[in-house]
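Asks: Everything below, folded, please.
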Amino acid sequence: MTLSSARSFLYVPAVKPELFDKAVRGAADAVIIDLEDAVPLPYKERARHDVAQWLDITEPTATEVWVRVTPEFLEEDLDAVGMVGITGIMVAKCSVDSLTHADRILFERGLPDVELIGLVETAHALRALPEMTRCNRIRTFGIGEVDLLADLRITRSEDTATVIDGIRTSIVIDCAAAGIAAPIAPTSTDFRDLAGFETTTARFVEMGFRARTALHPSQVPIINAALTPTDEDVNAARRLLELYDAAHGGPTVDDSGRFVDEAVVRGAREVLARA
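Replies: Residues are numbered from 1 along each chain as shown. As a prediction, the model looks like this:
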């Protein structure tokens with residue numbers, strides 16, 4: 001199963017080029033330059049120009065750089081950006097057609113290493129997810145939850161929380177079944193409620209997400225902390241592997257007398273890989 005090293009994805013509006021350098025030198029593992037919702041239609045051309053210019057002159061850093069595009073302007077966005085120096089393209093309102101189209105453009109430009117992340121924002125995408133996981137270049141999927149719930153006619157409330165969790169879990173399952181990286185959890189638009197953001201981020205980790213998007217830099221350290229195993233977690237995982245190796249790969253028990261087999265050890269390996 002593929003494991004992505006990026007825990008935090010910080011959105012940066014393409015209409016604010018003055019923030020680009022600061023973003024890639026900040027705490028986020030990945031930055032998403034947003035050419036979609038963050039850019040009103042009259043400003044599209046200027047935003048594309050600014051992004052392309054910045055990508056052309058910026059020095060590489062350890063931070064991943066993604067550009068979010070919309071299917072309606074896929075060719076225009078990719079033509080303008082040029083895609084020099086980027087990690088990948090995030091396709092908003094993704095579909096099999098839009099992901100295939102993006103892959104074809106990247107292939108024609110001789111860019112074999114540029115990846116794709118699909119943003120699930122429609123009922124159609126939710127249904128097509130098993131097929132989309134087989135598209136070329138796909139690292140994983142994120143959830144545009146506001147758009148998705150609107151398309152599903154679901155109102156966010158305490159009564160629908162279980163339904164929404166079921167939708168999130170279905171995406172986790174499809175990514176795991178396809179052997180691609182775990183999905184990216186949806187962000188919170190209430191960026192001032194950091195305590196609530198910490199609670200929901202921890203819960204997303206428990207649900208199987210291994211990254212989350214942020215709308216504000218203050219959310220990034222919370223994501224990174226939640227997705228980084230503690231020293232206690234790492235030591236416990238290493239001890240499990242020691243016991244398992246000592247048993248030559250057969251069933252054994254841990255120091256508390258609990259049964260340990262390959263399924264338990266698989267979780268320990270994933271903790272160490274994330275660490």
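
Asks: and Ile143, what does it touch?
Replies: Leu119, Val120, Glu121, Arg168, Ile171, Pro183, Ile184, Ala185, Pro186 (CB atoms under 8 Å, 6 or more residues apart in numbering). (Each C-beta comes from the backbone N, C-alpha and C, glycine too.)

Asks: Using CSV, list the CA coordinates for stretch 45-63.
Replies: Extracted in CSV, the C-alpha atoms of stretch 45-63 (Å, rounded to 0.1, in the frame of the first residue of the first chain):
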residue,chain,number,x,y,z
GLU,A,45,-5.8,35.0,-16.5
ARG,A,46,-3.9,37.2,-14.1
ALA,A,47,-3.8,34.5,-11.5
ARG,A,48,-2.5,31.9,-14.0
HIS,A,49,0.2,34.4,-15.1
ASP,A,50,1.3,35.0,-11.5
VAL,A,51,1.5,31.3,-10.6
ALA,A,52,3.5,30.5,-13.8
GLN,A,53,5.9,33.3,-13.1
TRP,A,54,6.4,32.2,-9.5
LEU,A,55,7.0,28.6,-10.5
ASP,A,56,9.5,29.7,-13.1
ILE,A,57,11.7,31.6,-10.7
THR,A,58,11.2,30.0,-7.3
GLU,A,59,13.9,27.8,-5.8
PRO,A,60,12.8,24.2,-4.9
THR,A,61,12.1,23.5,-1.2
ALA,A,62,11.2,20.3,0.7
THR,A,63,7.6,21.4,0.5
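
Asks: ok, and what's touching it?
Replies: 14-15, 17, 20-21, 23-26, 28-31, 33, 35, 39, 65, 67, 76-77, 80-86.

Asks: Buried among the residues you listed? Make that a PyMOL selection.
Replies: In PyMOL syntax, the buried subset of those is picked out as below (16 or more other CB atoms under 10 Å):
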select buried, resi 14+15+17+20+23+24+26+28+29+30+31+33+35+39+65+67+77+80+81+82+83+86
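
Asks: Wait, Trp66 touches Asp29, no?
Replies: No: if you go by CB atoms under 8 Å, Trp66 and Asp29 don't touch, sitting 10.8 Å apart.

Asks: Need the overlap of contacts for these two.
Replies: In contact with both Trp66 and Asp29: Phe9, using CB under 8 Å, 6+ apart.

Asks: I'd like to know how far the most centrally placed residue in the chain sits from Asp159.
Replies: Residue closest to the average C-alpha location in the chain (CA atoms, centre = their mean): Ile184, at 3.3 Å. Using CB to CB, to the nearest Å, Ile184 is found at 26 Å from Asp159.
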